[in-house]
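*Asks:* With the sequence up front, the predicted model follows.
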Amino acid sequence: MSDVTETGSGRIESALRALTSEYSGGLERLHDRLERDAQRGALIDVAYTILDSPVGPLLLAATEAGLVRVAFESEGHDRVLESLAATLSPRILRSPPRLAVATRELDEYFGGYRRAFELSLDYALSHGFRQTVQRQLSNIGYGTTVSYKELAETVGNPKAVRAVGSACATNPLPIVVPCHRVLRSDGGLGGYLGGLAAKTTLLNLERAT
Amino acid sequence: MKKPFETIVTEHGDTVLRVCRAVVGRHDADDAWAETFLAALRAYPALSEEANVEAWLVTIAHRKSIDIVRSQRRRALTVDEVPDRPTESATGVGERRDLWDAVWALPLKQRQAVAYHYLAGLPYADVASVVGGSADAARRAAADGVGTLRTSYANPLSTGGTR
């Protein structure tokens, strides 16, 4: 009898291991409560949600300061969250309420009736020249495009075309910070973090509205 | 590399809920769970990357549960209509519910050892570091609990004799 207990292979032991919390929907409700408690305690350093969009599911992540990351599915949302945990804070929780404004403005943008974003942005993920370039991107108007070369001239560094290109390629806030409005001088699309199909979709959307 | 806390909730939320339910009972399990994960979120940045996350969460759940069990006892002393334990479930209720009630009827130390070893899957050495005492003592507490369950749950019609 004690053998059964030691190896834990008896009927009771198996039944104990098979116990379930019997609580359909319970964990989701508990998660909501955790979000509220954590928000009240200022314990969510990064909140995120997933937004369905014409360019696929988008990960939206925000700090207390503002939207800090927009990521395409092709970047791997899990990988992006792991990288946010490493660079910003591991206190990351799925918590849509903090992304309510971002979600609304992006929905309006994709619906064709928003031409500029007004939400607060957190540029914590970019530094130096790249951040300078990325901040400049927001001055490129809806429905218009510039070349990498023109953008380099605008930021006062006409020779830094390649650096401007990599600043666009590492934009942590695509769509909201419109790196899709930067093209090659010959009119070619150039690159895009979310893939060229996504870049085309965004440019067509802006052209049509 | 440290995982986003959301992943910790996804991976361990259900186990912690089962542990809470076994130790504090159905009615207070939500509170124990919520307090456990809020405290874990607060402490998470300081947790060592090599730490056993499940054992760490069970340790927090253990402390939160003790507070809740204490307040349950206070309530039971001051409001005497509230029974300390739910009454035995009637026959005909699902088998699993019977086992939950049987676990809930165990003495606290046995409930803890059974929950941490069988429900959370911690080895007895880890159970011991959660509850204090030796691994052997933890093993005995769990074995006593299983022994009681064998009569109270597996043979509900027996009159409590050990066979």
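*Replies:* All right, it came through fine.
*Asks:* Report the contact partners of residue B:24.
*Replies:* By C-beta atoms under 8 Å, 6 or more residues apart in numbering or on different chains, the contact list for residue B:24 reads B:31-32, B:65, B:68-69, B:72. Glycine gets a C-beta too; all of them are placed from N, C-alpha and C.
*Asks:* Distance check, it against chain A.
*Replies:* Using C-beta to the nearest C-beta, to the nearest Å, residue B:24 is found at 13 Å from chain A.
*Asks:* in chain B, which spans are helices?
*Replies:* Here chain B has its helices, by DSSP state H, at B:5-24, B:29-43, B:53-78, B:95-104, B:108-114, B:124-131, B:135-149.
*Asks:* And the buried ones among the contacts of residue B:24, selectable in ChimeraX?
*Replies:* Buried members of the contacts of residue B:24, defined by 16 or more other C-beta atoms under 10 Å in any protein chain shown, are picked up in ChimeraX with:
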select /B:31,32,65,68,69,72
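*Asks:* Quick one: check stretch A:26-35 for contact with chain B.
*Replies:* Yes. Residues of stretch A:26-35 contacting chain B under C-beta under 8 Å from any C-beta of the partner chain: A:26-27, A:30-31, A:33-34.
*Asks:* Dump these to TSV, plus neighbour count and pLDDT.
*Replies:* As requested, the residues of stretch A:26-35 next to chain B are exported to TSV (neighbours: other C-beta atoms under 10 Å in any protein chain shown; pLDDT from 0 to 100):
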residue	neighbour count	pLDDT
A:26	17	84
A:27	18	91
A:30	21	96
A:31	19	97
A:33	15	97
A:34	28	98
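*Asks:* tell me the two of those residues that are most distant?
*Replies:* A:26 and A:34 (12.5 Å; C-beta to C-beta).
*Asks:* Close to chain B: what parts of chain A are there?
*Replies:* So far as C-beta under 8 Å from any C-beta goes, chain A lies against chain B at A:2, A:5-6, A:8, A:10-13, A:15-23, A:26-27, A:30-31, A:33-34, A:37-38, A:41, A:43, A:46, A:48, A:81-82, A:84-86, A:89-94.
*Asks:* Quick one, which of those are buried?
*Replies:* Buried, going by 16+ other C-beta under 10 Å: A:5, A:8, A:10, A:12-13, A:15-16, A:19, A:21, A:23, A:26-27, A:30-31, A:34, A:38, A:43, A:46, A:48, A:81-82, A:84-85, A:89-94, out of the residues of chain A next to chain B.
*Asks:* Just the ones of those residues in helices?
*Replies:* Cross-referencing those against helices under DSSP H gives A:5, A:12-13, A:15-16, A:26-27, A:30-31, A:34, A:38, A:81-82, A:84-85.
*Asks:* who's in contact with stretch B:29-41?
*Replies:* Taking C-beta under 8 Å, 6+ apart as the rule, stretch B:29-41 contacts A:26, A:30, A:33-34, A:37-38, A:41, A:43, A:91, A:93, B:5, B:8-9, B:13, B:16-17, B:20-21, B:23-24, B:56-57, B:60-61, B:64-65, B:68.
*Asks:* gap between it and the chain center?
*Replies:* Remark: stretch B:29-41 is offset 13 Å from the chain centroid, using C-alpha atoms, centre = their mean, to the nearest Å.
*Asks:* Put the alpha carbons of that stretch into PDB.
*Replies:* Extracted C-alpha coordinates of stretch B:29-41, given in PDB (Å, rounded to 0.1, in the frame of the first residue of the first chain):
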ATOM      1  CA  ALA B  29     -10.000  30.500  -4.800                       C
ATOM      2  CA  ASP B  30     -10.500  33.600  -7.100                       C
ATOM      3  CA  ASP B  31      -9.200  35.900  -4.400                       C
ATOM      4  CA  ALA B  32      -6.200  33.700  -3.700                       C
ATOM      5  CA  TRP B  33      -5.400  33.500  -7.400                       C
ATOM      6  CA  ALA B  34      -5.800  37.300  -8.000                       C
ATOM      7  CA  GLU B  35      -3.600  38.100  -5.000                       C
ATOM      8  CA  THR B  36      -1.000  35.600  -6.000                       C
ATOM      9  CA  PHE B  37      -0.600  36.900  -9.500                       C
ATOM     10  CA  LEU B  38      -0.600  40.600  -8.500                       C
ATOM     11  CA  ALA B  39       2.200  39.900  -6.000                       C
ATOM     12  CA  ALA B  40       4.000  37.900  -8.600                       C
ATOM     13  CA  LEU B  41       3.800  40.700 -11.100                       C
END
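*Asks:* how about it: buried residues?
*Replies:* Burial within stretch B:29-41, assessed by neighbour count using 16+ other C-beta under 10 Å, is assigned to B:29-41.
*Asks:* Below-threshold pLDDT in chain B: ranges please.
*Replies:* B:79-97, B:154-163 (pLDDT under 70).
*Asks:* ah, wrong one, I meant chain A
*Replies:* A:1-9, A:23-25.
*Asks:* redo that, cut-off 50
*Replies:* Across chain A, the ranges flagged by pLDDT under 50 are A:1-6.
*Asks:* now the helices for it?
*Replies:* A:2-7, A:11-17, A:26-40, A:77-87, A:100-111, A:128-137, A:148-154, A:161-169, A:196-208.
*Asks:* Minimum distance to residue B:128: which of those has it?
*Replies:* Across the helices of chain A, closest to residue B:128 is helix A:2-7 (C-beta to C-beta), at 15.9 Å.
*Asks:* With that, I have no additional questions.
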